[in-house]
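> This is a predicted model, with the sequence first.
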Protein chains: 2
Amino acid sequence: MRNVDGTSAILLTVDVVILTLRDSSLHVLLVQRRAPPFAGQWAIPGGLVQSNESLEEGARRTLYERTGIQNVPLEQLHTFDDLDRDPRGRVVTVAYCAVVPAPLAAHAGRNAADVCWQPVRMLPEMAFDHAKIVQFAVQRLRQKLAHSAIGFQLLPERFTLSQLQRAYEAVLGESLDKRNFRRRILQAGVIEPTGEVLFGDGRPARLYRCIPSAVAEVKPRRVFP
Amino acid sequence: MRNVDGTSAILLTVDVVILTLRDSSLHVLLVQRRAPPFAGQWAIPGGLVQSNESLEEGARRTLYERTGIQNVPLEQLHTFDDLDRDPRGRVVTVAYCAVVPAPLAAHAGRNAADVCWQPVRMLPEMAFDHAKIVQFAVQRLRQKLAHSAIGFQLLPERFTLSQLQRAYEAVLGESLDKRNFRRRILQAGVIEPTGEVLFGDGRPARLYRCIPSAVAEVKPRRVFP
DNA sequence: TCAAAAGTGTTTGTGGTACACCCATGG
DNA sequence: CCATGGGTGTACCACAAACACTTTTGA
């Protein structure tokens, strides 16, 4: 932990927040630490960055090593740097975030005793400042959902309008009017019907998919002029 | 650059983008590097983080050392980590950003041969990936201006409505209708008249100040429900 | 035929946009 | 009295919000 010149170094890690929707509420992927510090406690997957990889590559690698998850779209969230966030010394972490559709299998990997999906409203006691990082990610997701068309990342490729509405309601924490929701999402032109229907408890629902090019063009309205 | 165990380390720096409004256009504060690499080239102020300071403290310190600027509200922008961004080796930098009112004196300090304000539309060739960092900051400012009430940070404590409008126009890069702008900004209740007037070329203008508590409460409207 | 979820229109109000002239001062 | 920038009101339109019933399926 010391350089040859005697000054103490700052270590750099990455941590990954994986958010998804399960049972109509937002969940985060946690791993149980096997090694100290905080052995046995829950944490988000992460680890030291190697000097020959980019931060995002490091995030992907540690995520894969600890949970087996691959091919998720990572986005840089924030860099956390509290002086006392790691008992081993000065460790700065760059947090990444992914918002993924529900059916994603994860399994415990190296350095992780166990893996679970936990509702973000009921976080257990967590290692380091990871609870803070998760809260930050949730808040950011709410903001992004509110002024961009990002809700589709929580759903599978094909989805019903009710599923989409429930996703929005889960993240925003409020209920929305069904008719207004449907009218606006359809008028926005960011989704299209697939022609298929999904059979369930009641009347079958039409399936839609999103149109990525149109989603990219959605611009929020300004507060001012 | 090497730890006692022989592995090569990742170095951590901070860089600071200072944006302001001069002559109705956005400018960024640049320093001319005195030492290699990139000696003689323009860069944004920054430097190595010490292990006993937070990143924001490091940003404040290096900003002060290089430019004499103090007491600006810094906000974390993004962490830049291209593998080849520094010819000396692996250096990751956390960029901070400040948006400040125009009359801010800066002077060259340690490790900086010179200091200047440069229009963001006409950036010179810059050291490291600093041009990319500045562009990132400008884009972020545009977004923030568009959906929060942040324009006041570009102006002195007391300002006229025309100054405020010119600030918005400069950042957004488009012209706005005077009557609509004034009506909306006044209806929003985020500014109040001071009762004073500013004498200029034509008719004197009323001075306003912003109401920070009200500014904090401005919420953008959602794209969806 | 009942339960369960999908699907559908109208009215009303607010707020955005477009637009042109008079006012107060200094030179 | 002229040049310069400050300050003001209205009409139209689009979109957001509130609101309840019918339809389709499986059990």
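Arrived safely, thanks for sending. Residues are numbered from 1 along each chain as shown, chains lettered A, B, ... in the order given.

> List the residues that contact the closest residue to A:Arg142 other than its chain neighbours.
Counting by Cβ to Cβ, 6 or more residues apart in numbering or on different chains, the nearest residue to A:Arg142 once its immediate chain neighbours are dropped is A:Val171, at 5.9 Å. Backbone N, C-alpha and C define where each C-beta goes, glycine included. Residues near A:Val171 by Cβ atoms under 8 Å, 6 or more residues apart in numbering or on different chains: A:Leu21, A:Leu26, A:Leu141, A:Arg142, A:Leu145, A:Gly151, A:Leu154.

> Share the number of residues neighbouring the spatially closest residue to the first one that is not a sequence neighbour, please.
Nearest-residue entry for A:Leu21: A:Leu154, 4.6 Å, with adjacent residues in sequence omitted and distances by Cβ to Cβ, 6+ apart. By the criterion of other Cβ atoms under 10 Å in any protein chain shown, A:Leu154 has 24 neighbours.

> A:Leu154 touches A:Arg22, doesn't it?
No. The pair A:Leu154 and A:Arg22 fails to qualify as a contact (Cβ atoms under 8 Å) at a distance of 10.1 Å.

> which neighbours do these two share?
A:Ala102.

> who in chain A is up against DNA strand D?
Contacts of chain A with DNA strand D, taken as Cβ under 7 Å from any atom of the strand, map to A:Asp177, A:Lys178, A:Arg179, A:Asn180, A:Arg184, A:Gln187, A:Phe199, A:Gly202, A:Arg203, A:Pro204.

> Of those residues, which is the most crowded?
In terms of neighbours by other Cβ under 10 Å, these top out with A:Arg184 at 15 neighbours.

> Where does that residue sit: helix, strand or coil?
Counting by DSSP: H, G, I helix; E, B strand; the rest coil, the backbone at A:Arg184 sits in helix.

> Now chain A against DNA strand D: closest residue?
Using Cβ to the nearest atom of the strand, A:Arg203 is the residue of chain A that sits closest to DNA strand D, at 2.8 Å.

> Quick check: phi and psi on that residue?
With angles defined as degrees, to the nearest 10, A:Arg203 sits at phi -70, psi 140.

> any idea how far it lies from chain B?
A:Arg203 sits 23 Å away from chain B, going by Cβ to the nearest Cβ, to the nearest Å.

> do A:Arg142 as well
10 Å.

> Same check on A:Leu145?
Per Cβ to the nearest Cβ, A:Leu145 is found 8 Å from chain B.

> Can you report how many residues neighbour that residue?
A:Leu145 has 22 neighbours, counted by other Cβ under 10 Å.

> residues touching it, list them.
So A:Leu145 contacts A:Gly151, A:Tyr168, A:Val171, A:Leu172 (Cβ under 8 Å, 6+ apart).

> Would you verify that it is located in a strand?
No. The assignment for A:Leu145, made by three-state DSSP, is helix rather than a strand.

> Report pLDDT for it.
Note for A:Leu145: predicted pLDDT of 83.

> For A:Phe152, see how far away it is.
The gap separating A:Leu145 from A:Phe152 is 10 Å, by Cβ to Cβ, to the nearest Å.

> where do the strands sit along chain A?
For chain A, the strands defined by DSSP state E occupy A:11-22, A:25-33, A:42-43, A:46-48, A:75-80, A:91-99, A:112-119, A:191-198, A:205-210.

> where does chain A have its least confident helix or strand?
Lowest on mean pLDDT, DSSP states H and E among the helices and strands of chain A sits helix A:212-217, with a mean of 77.

> ok, and for it, which residues are buried?
For helix A:212-217, burial by neighbour count (16 or more other Cβ atoms under 10 Å in any protein chain shown) applies to A:Val215.

> so, in contact with chain B or not, it?
No. Applying Cβ under 8 Å from any Cβ of the partner chain, one finds helix A:212-217 separated from chain B by no less than 10.6 Å.

> what's in contact with that helix?
Residues outside helix A:212-217 that contact it (Cβ under 8 Å, 6+ apart): A:Ala149, A:Ile150, A:Phe152, A:Ala188, A:Gly189, A:Val190.

> let's see it at 6 Å
Residues outside helix A:212-217 that contact it (Cβ atoms under 6 Å, 6 or more residues apart in numbering or on different chains) are A:Ala149, A:Gly189, A:Val190.

> ok, now stretch A:25-32?
Applying Cβ under 6 Å, 6+ apart, the contact partners of stretch A:25-32 are A:18-20, A:42-43, A:45, A:66, A:106, A:112-120, A:134, A:170.

> Swap in 8 Å and give it another go.
With Cβ under 8 Å, 6+ apart as the criterion, stretch A:25-32 contacts A:17-21, A:40-45, A:66-67, A:69, A:106, A:108, A:112-121, A:123-124, A:126, A:134, A:137-138, A:141, A:170-171.

> Since that was my last question, I'll sign off now.
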